[in-house]
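# curious how this folds, go ahead:
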Amino acid sequence: MSAALLRRGLELLEPPGRAKAPPRLERGRAGTRAAGAVRRKKRAPEPGRNKATIKGRVVKSAIEEYHKKKPVNHLRENLQYMLKGRLVADKAVTEQVLAQNRGRKSKDQPPEKTEKKKPEGTVFTEEDFRKFEREYFGIP
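Next up, the predicted model:
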């Protein structure tokens, strides 16, 4: 619905005793974009916007500004928040969530865990080695 149709509809709904809206409000657009921009530029400055004068200016304290911008250490509150809830999820559930969030590429997959082989014990004893040395090398 256009603005003109909307305005006409509102005029029909107005009580008969009311006067028409002032002509400046009935105007549609201000014209072309350039003309509208010029009108906006030439508008009278609003009161209290003149920054060249010092009247009405509040002096800011440098110390107060420093304290406002000073970084605040939230470590203590964060630690209390983190330590407050001690709910630990089941290991199977956490593994399932991690598997779902992992990508499908091979670089995203964790390395497969290989079972460490236990060192095999020797069948021979030290006495057997000494006996072998004596027989093979001829050392008494």
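
# mind listing the helices for the chain?
For the chain, helices defined by DSSP state H occupy the ranges 3-13, 23-26, 33-42, 62-69, 75-84, 91-101, 126-137.

# how about those, which one is nearest residue 114?
Distance to residue 114, taken as Cβ to Cβ, is lowest for helix 91-101 among the helices of the chain, at 18.2 Å. To be clear about C-beta, it is placed using only N, CA and C from the backbone, and glycine gets the same treatment.

# what residues does the closest one touch?
Defining contact as Cβ atoms under 8 Å, 6 or more residues apart in numbering, one finds that nothing outside helix 91-101 touches it.

# quick check: mean pLDDT of it?
Helix 91-101 carries an average pLDDT of 88.

# send me that helix as CSV with only the CA atoms.
In CSV, the C-alpha atoms belonging to helix 91-101 read as follows (Å, rounded to 0.1, in the frame of the first residue of the first chain):
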residue,chain,number,x,y,z
LYS,A,91,33.1,-41.6,29.5
ALA,A,92,31.0,-43.4,26.9
VAL,A,93,28.8,-40.3,26.4
THR,A,94,31.8,-38.0,26.1
GLU,A,95,33.4,-40.2,23.6
GLN,A,96,30.2,-40.3,21.6
VAL,A,97,29.9,-36.5,21.6
LEU,A,98,33.5,-36.1,20.5
ALA,A,99,33.0,-38.6,17.7
GLN,A,100,30.0,-36.7,16.5
ASN,A,101,31.8,-33.4,16.5
